[in-house]
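**Q** Build me a structure from this.
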Amino acid sequence: MIKAKFGARLDIWIRRLFPFLFVARVSPNALSVAGTGVSLAAAAAFGAGALAPAGLLVLFGGFFDLVDGVVARHQGRATRFGAFLDATLDRVQEMALLLGITLYFARANEATHVLLAGYVLAASLLTSYLQARAELVLPAFRVGILERAERVLILAAGALTDLLVPALWLLALGCSVTVIQRFAKAWQELARLDASDSHEIGVDASDSHEIRGQI
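**A** A predicted model of the protein is given here:
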């Protein structure tokens with residue numbers, strides 16, 4: 001929702017706030033990898049119970065995720081592999097962070113919260129999978145109340161304010177709603193495409209029948 005709402009303005013703000021990224025020929029892929037390294041450090045901090053440092057590292061890792069695409073577009077280096085790498089590393093980061101949180105609760109013998117973190121992990125990955133699968137057929141499939149940027153901000157805020165459990169409940173609810181929204185939208189749009197294809201096949205068959213009759 002954040003990227004969809006602000007769109008091109010976000011690119012302009014990033015260029016104005018961080019001009020050094022655009023003066024030097026910084027590799028967008030290197031930024032993606034660096035962001036993953038920071039997120040892995042955040043996951044380790046979560047596992048060690050250092051919530052505030054983990055929250056700061058989550059935000060810092062999110063910064064790399066925010067700027068890598070802008071840098072790629074600015075340099076004219078936006079590639080299919082770059083998009084593939086970025087999406088893959090996003091999933092790695094998300095899994096690592098939530099596994100770190102799961103370890104934190106496991107060490108504290110909080111079984112309910114372990115299950116909660118596990119549910120958020122599964123729901124987060126499912127929201128991303130639904131979008132990726134739908135975009136194989138449907139262009140610009142931007143549906144749902146919680147995209148990755150919102151999930152990162154909620155997680156960081158929960159860690160920084162020592163409200164990690166409420167943040168996880170919010171993520172569980174938001175991801176569940178997003179899954180339903182994306183599934184419903186995909187069902188609607190794919191059914192429309194199937195109906196359109198069936199209609200075109202019917203028209204083609206009718207035309208073929210007319211031609212055979214004329215012959």
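**Q** Please make it C-alpha for all contacts and neighbour counts, starting now.
**A** Will do.
**Q** and residue 162, what does it touch?
**A** Contacts for residue 162 (CA atoms under 8 Å, 6 or more residues apart in numbering) come out as 51, 52.
**Q** so it is in which element?
**A** Assigned by DSSP states H and E, residue 162 belongs to no helix or strand.
**Q** Next, give phi and psi for it.
**A** When read as degrees, to the nearest 10, the backbone of residue 162 gives phi 60, psi 30.
**Q** pLDDT score for it?
**A** The model reports residue 162 with a pLDDT of 94.
**Q** any idea of the mean pLDDT for stretch 192-202?
**A** Mean predicted confidence for stretch 192-202 is 78.
**Q** Against residue 23, how distant is the residue positioned nearest the centre of the chain?
**A** The chain has residue 148 as the residue nearest its centroid, 3.8 Å off, counting by CA atoms, centre = their mean. Separation of residue 148 from residue 23 (CA to CA, to the nearest Å): 28 Å.
**Q** Would you mark the buried spots in stretch 141-153?
**A** Neighbour counts over stretch 141-153 (16 or more other CA atoms under 10 Å) mark 141, 142, 143, 144, 145, 146, 147, 148, 150, 151, 152, 153 as buried.
**Q** How far does it sit from its chain's centre?
**A** Here stretch 141-153 is found 6 Å from its chain centre; the criterion is CA atoms, centre = their mean, to the nearest Å.
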